[in-house]
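>>> Here is a sequence with its predicted model. Questions after.
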Amino acid sequence: MRPSGALTISDGIDIDWEYPVGGGAYYKSCSITTQDHKLPERPYERDALVDLLRHVRDLDPEAHISIAVPARTADRELSFPKDTIKKMDPCLDNWNLMTYDMMNRRDLTTAHHAGSAVIKDVVDYYSMDGVVDKKKM
Amino acid sequence: MKVLAAFGGWNLDPGFSEAADTGDMSSLAARIVKFRGDNHLYVDQES
C-alpha cells in the first residue's frame, strides 16, 4: 500500500479479508469447486483473523472496528464457522454483511445473486440465534 | 455516520494470507493502525 496523498479522518477500521481459508488469489484462479477439484484449505487463517482483530483492538482501543463478511453459504461456512464468529465478535463494533455474491463462479447452477428473500438466512447465520447482537449488523 | 478506513476487498488485499503464513498477525495489525492514524487514504500499488 502507498499513500494517495489525500487526507481523511476516519472513525475506525474496516477489515475485508476475502476470504480466510479458501479465498484470495486461489478463488480467482479456480472457477469451479467440484469433488475432483477441492480448495486447498488453509484452516489456520481463521485463527489468524481472530488474532489480527485482537491486535487491532488492543493497539487502537478507541477505533470503531468492523468486518465485511460473505453471504454465500459455502463461503461463510468455510471462512466463518460459528466458533470463529464467537471469537471475533468481542473485537467488533459491527458486522458488514455483504448481501450480494450469493452465487458466483463456483456454483454449478444459477440462483439469485442478491435479494431480500435470503438476507434473513444470512443475518440468522451470523447472529447465531441471538449470540451476536443483530444491532451490530 | 462512521467513516472507516477499509483494508482489504477483492483487489486490495494488504497481505492477510502472507501474514497468516508467518504465524504473527501483530505486524500487520500495527501497519493497519498506523495507516489509520496517519489519516491518509491508502491505495493498492496496482491501482
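Now that the structure is in, tell me what you want to look at. Numbering: from 1, shown residues only, chains lettered A, B, ... in the order given.

>>> elements contacting the longest helix along chain A?
In chain A, with assignment by DSSP state H, the single longest helix is helix A:44-59. Counting contacts by 3 or more CB pairs under 8 Å, 6 or more residues apart in numbering or on different chains; DSSP states H and E, helix A:44-59 packs against strand A:12-16, strand A:64-70, helix A:82-88, helix B:16-22, helix B:26-37. Every C-beta, even on glycine, is put in place using the N, C-alpha and C of the backbone.

>>> Return the distance of it from the chain's centre.
13 Å (CA atoms, centre = their mean, to the nearest Å).

>>> cool, and stretch A:48-66?
Relative to the chain's own centre, stretch A:48-66 is displaced by 15 Å; criterion: CA atoms, centre = their mean.

>>> export the helices and strands packed on helix A:44-59 to a markdown table and tack on distance to A:Met102?
Shown next, in a markdown table, are these (distance: least, CB to CB, whole Å):
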| stretch | distance to A:Met102 |
| --- | --- |
| strand A:12-16 | 17 |
| strand A:64-70 | 9 |
| helix A:82-88 | 19 |
| helix B:16-22 | 23 |
| helix B:26-37 | 28 |
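
>>> Looking at those, which is nearest to A:Leu53?
Distance to A:Leu53, taken as CB to CB, is lowest for helix A:82-88 among those, at 5.8 Å.

>>> what sits up against the closest one?
A:46-47, A:49-50, A:53, A:67, A:80, A:126, A:128, A:131-132 (CB atoms under 8 Å, 6 or more residues apart in numbering or on different chains).
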